[in-house]
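Student: fold the following and give me the result.
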Amino acid sequence: MPALPADPATSPTRAVFGLAWPLTLKAIMLHGIVVIDAYLVSALGEQALAVLGLAAAIAGLLLGVLLSFSNATQIRIAQASGTGDARFLKTALLSGLTINIAACAIGLVLLAAVARPIIDSLAHNPWIAEQALRYLAVFAIVIAAESVHQCLSAYFNGTGDTRLPLYSYVLGVPVNVGVSIAFIHGLFGAPELGVVGAAVGSATAAVLQASFLGLCLWHKTGFYRGVAGWRNGTFAASLRRHLAFAWPIAATFISATAAANVCMLLYAKLDVNAFAAMTLIMPWVQVAGTVGMSWAQATGIIVAQLLGSDRRGETLDRFLSGAWRAAFIAAGLVAVVYLTVIMASPWLYSELHPTTRATLIGFWPILLFLPFPKGSNAICGNTLRAAGETVYVMHIFIWSQWLFRVPVTALLVLFLGVPVFWVFSLLLLEELIKFPAFHARLHRGDWKSASVEA
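Tutor: Sure thing, here's the model as predicted:
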């Protein structure tokens, strides 16, 4: 029986924590880039924030596609890690990398074709539209670099080495901040680019991070040059098998990203102050929420490793029970972080209009309760994905988003004109809608008999 990178046999909480804390810090740094950009740009005023919110909504669609396929690759690599089969690991890595690069190329072509008409139709004025297009032109470098970086991160996470992806962000985030400040304000001889300067900083950091993980993988594995053959006979057959496993997971994440970004584009139809408040709070929702999400992701990695090494029954049940109890503690910590950010908003964003700050403070009741159903749903979703229940998870996400959240957001924003508090509350209502479907399936238990060969 192969040794697992994170063995839950003695302490489920310790095993998950060993994987989760680097995942959490890495995810905070990833989403924190948007928070940092929003903070640096906020000094330029509400219109500059509108540029960032509009451009980030469109770019986020492409990044979400890459992240979705990388998440699928991560689960497949975790299963391979459980089996201890080097050929399986090689196949999962190179199949995932091929898919990511192809998705990136297609996405950038589509971005060039559709970005201008979308932005022109949604921007509040021509200046915002022009600045958003300039931002996206530079941000294309970020998308290309992340197609490699996210796949390599998935490899290290899936094999239990979650610290190296974290180190890539420890290296990249300070560079991002420094370069962004220089190019936003024209310091140290750099041109003064305003909002576009934030994209320059992100691009510099993304290239650096991808290069770092590429060197680490070469040092550790040599890209498996010495491992002969492929998991399914040929690379083409292996690629098709990987894609068959990945597409429901990818569809789930693409749907979630698309729904979030469509909603963000709908928020652009709110008044400038309300849209600025939503632009500021949504990255914080992602950043603080990574505590619970990373715990669930680490749980899914270990479940995939357990299934790959055929450790089921009591070991699997005891592991999940311990991981779940700790997940509620993580949800409580997330709620505290949310409330701290809300209470500190008058000092964090003192340059903004009082109406914008008052809107932020009004979000606190939703943020207090959101982490608990969201964290529990995430545990269910990651566990079921690890067992191959990818289509079922996909359906829960897609139908809750496109039959509820997106149309109701459009109704509230475009037709009813309700206060932004009720628009924001849809985040919580969506989690409550998903809750029964996730928990009933997990409780049924037949997923435990899943085979990684299936």
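Student: what sits up against whatever helix or strand Pro407 lives in?
Tutor: Element membership for Pro407 (DSSP states H and E) is helix 406-410. For helix 406-410, the external contacting residues (CB atoms under 8 Å, 6 or more residues apart in numbering) are Ala259, Val262, Cys263, Leu266, Tyr267, Val423, Leu426. No exception for glycine: its C-beta is placed from N, CA and C like everyone else's.
Student: tell me which of those residues is nearest to Ala190?
Tutor: Using CB to CB, Tyr267 comes nearest to Ala190 of the contacts of helix 406-410, at 31.6 Å.
Student: and the residue nearest to the closest one when sequence neighbours are not counted, how far is that from Phe424?
Tutor: Excluding the flanking residues, the one nearest Tyr267 by CB to CB, 6 or more residues apart in numbering is Met278, at 4.6 Å. The spacing between Met278 and Phe424, counted by CB to CB, to the nearest Å, is 7 Å.
Student: can you give me the helices for the stretch 351-454 of the chain?
Tutor: For the stretch 351-454 of the chain, the helices defined by DSSP state H, counting those that start in this stretch cover 354-361, 364-369, 371-386, 390-400, 406-410, 420-424, 426-444.
Student: most packed of those helices?
Tutor: helix 371-386 (a mean of 24; mean count of other CB atoms under 10 Å).
Student: can you dump the C-alpha atoms of that one in CSV for me?
Tutor: These are the backbone C-alpha positions of helix 371-386, laid out as CSV (Å, rounded to 0.1, in the frame of the first residue of the first chain):
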residue,chain,number,x,y,z
PRO,A,371,-19.6,30.9,5.8
PHE,A,372,-21.5,28.1,7.5
PRO,A,373,-23.6,26.7,4.7
LYS,A,374,-21.0,27.6,2.2
GLY,A,375,-18.3,25.7,4.0
SER,A,376,-20.4,22.6,4.6
ASN,A,377,-21.5,22.6,0.9
ALA,A,378,-17.8,22.8,-0.1
ILE,A,379,-16.9,19.7,2.0
CYS,A,380,-19.7,17.8,0.3
GLY,A,381,-18.7,18.9,-3.2
ASN,A,382,-15.0,18.2,-2.9
THR,A,383,-15.6,14.8,-1.3
LEU,A,384,-18.1,13.8,-4.0
ARG,A,385,-15.8,15.0,-6.8
ALA,A,386,-12.9,13.0,-5.3
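Student: just want the angle from it to helix 426-444.
Tutor: 50 degrees (axes from the mean of the first three to the mean of the last three CA atoms, to 10 degrees).
Student: now for helix 371-386, which elements pack on it?
Tutor: helix 46-83, helix 272-308, helix 313-348, helix 390-400, helix 426-444 (3 or more CB pairs under 8 Å, 6 or more residues apart in numbering; DSSP states H and E).
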